[in-house]
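Asker: What follows is a predicted protein model with its sequence.
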Amino acid sequence: MALRSAALETGAIEGLYSTNRGITRTVALQGAMWEAELDKLGPDVRGHFEAQLAALDLVLDVATKRLDISEAWIRSLHAQACARQATYRAVFRMLLGVN
């Protein structure tokens, strides 16, 4: 239940979609018609939710020591968390040191 709630809220925090407490609770508890509630939020929400849930599974693998943190694992986590994003916003800032 906690993972499903976290997965849904992660996408909302990232600005991929908006949600509310009632929908999060329905999805987390797998209440009747929870998939329909996700679909009401938008056409891509279920895909983002599933990607976030899979990313949280990778985090659990490290937390339970099934996997070790490595560069490859971090790349895999990032790829999974962003798997359904069609576009990515990148910000480049150059810091100039003054001596």
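Answerer: Ah, there it is.
Asker: Scan the chain for its longest helix.
Answerer: In the chain, assigned by DSSP state H, the helix with the most residues is helix 45-63.
Asker: Would you quantify the distance from the residue positioned nearest the centre of the chain to Arg25?
Answerer: Nearest residue to the geometric centre of the chain (CA atoms, centre = their mean): Gln52, 2.9 Å. Separation of Gln52 from Arg25 (CB to CB, to the nearest Å): 17 Å. From N, CA and C alone the C-beta is placed, and that goes for glycine too.
Asker: And Gly31, by the same measure?
Answerer: Counting by CB to CB, the gap from Gly31 to Arg25 is 8 Å.
Asker: quick one, which of these two is more surrounded?
Answerer: Comparing Gly31 with Arg25 by other CB atoms under 10 Å, the one with more neighbours is Arg25, at 15 against 12.
Asker: Now do the SS call for the more buried one.
Answerer: Three-state assignment for Arg25 (DSSP: H, G, I helix; E, B strand; the rest coil): helix.
Asker: heads up, I number from 143, so please use that
Answerer: Noted, 143 is the first residue going forward, which turns the last one into Arg167.
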